[in-house]
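Peer 1: sequence plus the predicted model coming up.
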Amino acid sequence: GAVVSQHPSRVICKSGTSVKIECRSLDFQATTMFWYRQFPKKSLMLMATSNEGSKATYEQGVEKDKFLINHASLTLSTLTVTSAHPEDSSFYICSARFGGSSSYNEQFFGPGTRLTVL
Amino acid sequence: LAKTTQPISMDSYEGQEVNITCSHNNIATNDYITWYQQFPSQGPRFIIQGYKTKVTNEVASLFIPADRKSSTLSLPRVSLSDTAVYYCLVGDYTGRRALTFGSGTRLQVQP
């Protein structure tokens, strides 16, 4: 299957700093990428939908000025957590949808990034 | 978006067949049913997807009745490594919308 990578896999930062997380589709072009957040023992919660070349669409309750998303190419989307606070500590997961016509709806998920804000 | 309901947790023993049922009463005509597996601190992994009747691959089978209001994931002869959370998702054919994750089913396989 298609591969989606994330970098870094884990990051620890001080409160008030900004952290950038990269999501790459390694062997296919992804016109759409999704960003999820997952707290311990909870399900994945969709944060935003990222479309290549256009502004991201954020879910209700997600601050777009705090979680900056850039999808500058068909293989890369970035999520920047600005002025991070301890409550932003979470597991961030991206997924990518194959860009061409597909016989079924499969999204490929990255391995996740563990963010810890001290 | 169609909402899904699954059991919160299930227990099984190695070598047994495990069936996890998911209900999705409001499934739309264009919706497919997809199951993902997630281990701790990893991203979800695709298991199987189907639209109706039965789908089988090398790791699981998916049974979907004619009304499509529910589906059952069947894992044959589970092992300890199958201990994970299993999510049933319903999404549109085009995949242009994000998948909505429910609570999932936490499967614990005992030796």
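Peer 2: Yep, it's here. These figures come from a predicted structure and were not determined experimentally.

Peer 1: list the contacts of B:Leu73.
Peer 2: B:Leu73 is in contact with B:Asn19, B:Ile20, B:Thr21, B:Cys22, B:Trp35, B:Ile47, B:Ile48, B:Ala60, B:Ser61, B:Leu62, B:Tyr86, B:Cys88, counting by CB atoms under 8 Å, 6 or more residues apart in numbering or on different chains. (Glycine included, C-beta is placed from N, CA and C.)

Peer 1: for it, give the beta-bridge partners.
Peer 2: Residues in a beta bridge with B:Leu73, per DSSP bridges, are B:Ile20, B:Leu62.

Peer 1: pull up the gap between it and chain A, please.
Peer 2: 16 Å (CB to the nearest CB, to the nearest Å).

Peer 1: and for B:Gln108?
Peer 2: 13 Å.

Peer 1: so that residue is in contact with B:Thr83, correct?
Peer 2: Yes - contact criterion CB atoms under 8 Å: B:Gln108 and B:Thr83 qualify, at 5.6 Å.

Peer 1: still on that earlier bit, quick one: buried ones out of the contacts of B:Leu73?
Peer 2: Buried members of the contacts of B:Leu73, counted by 16 or more other CB atoms under 10 Å in any protein chain shown: B:Ile20, B:Cys22, B:Trp35, B:Ile47, B:Ile48, B:Ala60, B:Ser61, B:Leu62, B:Tyr86, B:Cys88.

Peer 1: which of the residues you listed fall within helices?
Peer 2: Nothing among the buried ones among the contacts of B:Leu73 maps onto helices, per DSSP state H.

Peer 1: same list (these) but as CSV, adding distance to B:Val78 and pLDDT.
Peer 2: As requested, these are arranged in CSV below (distance: CB to CB, whole Å; pLDDT from 0 to 100):
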residue, distance to B:Val78, pLDDT
B:Ile20, 11, 98
B:Cys22, 17, 96
B:Trp35, 14, 94
B:Ile47, 13, 93
B:Ile48, 15, 93
B:Ala60, 10, 97
B:Ser61, 13, 98
B:Leu62, 16, 98
B:Tyr86, 11, 98
B:Cys88, 17, 94
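
Peer 1: hang on, isn't B:Ser9 packed against B:Ser103?
Peer 2: No - at 9.9 Å, B:Ser9 does not count as touching B:Ser103 under the criterion of CB under 8 Å.

Peer 1: quick one, which of those two is more surrounded?
Peer 2: The neighbour count for B:Ser9 versus B:Ser103, taken as other CB atoms under 10 Å in any protein chain shown, is higher for B:Ser103 (16 against 12).

Peer 1: may I have stretch A:53-67 as PDB, with CA atoms only?
Peer 2: Coordinates of each C-alpha in stretch A:53-67 appear next as PDB, following Å, rounded to 0.1, in the frame of the first residue of the first chain:
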ATOM      1  CA  GLY A  53      -2.800  24.900  -3.200                       C
ATOM      2  CA  SER A  54      -5.700  26.200  -1.200                       C
ATOM      3  CA  LYS A  55      -6.500  27.200   2.400                       C
ATOM      4  CA  ALA A  56      -7.200  24.400   4.900                       C
ATOM      5  CA  THR A  57     -10.700  23.800   6.200                       C
ATOM      6  CA  TYR A  58     -10.800  23.600  10.000                       C
ATOM      7  CA  GLU A  59     -13.300  21.700  12.100                       C
ATOM      8  CA  GLN A  60     -15.400  23.600  14.600                       C
ATOM      9  CA  GLY A  61     -13.500  24.500  17.700                       C
ATOM     10  CA  VAL A  62     -10.000  24.200  16.100                       C
ATOM     11  CA  GLU A  63      -8.200  27.500  16.100                       C
ATOM     12  CA  LYS A  64      -6.800  28.200  12.700                       C
ATOM     13  CA  ASP A  65      -4.400  30.800  13.900                       C
ATOM     14  CA  LYS A  66      -2.900  28.300  16.400                       C
ATOM     15  CA  PHE A  67      -2.800  25.300  14.100                       C
END
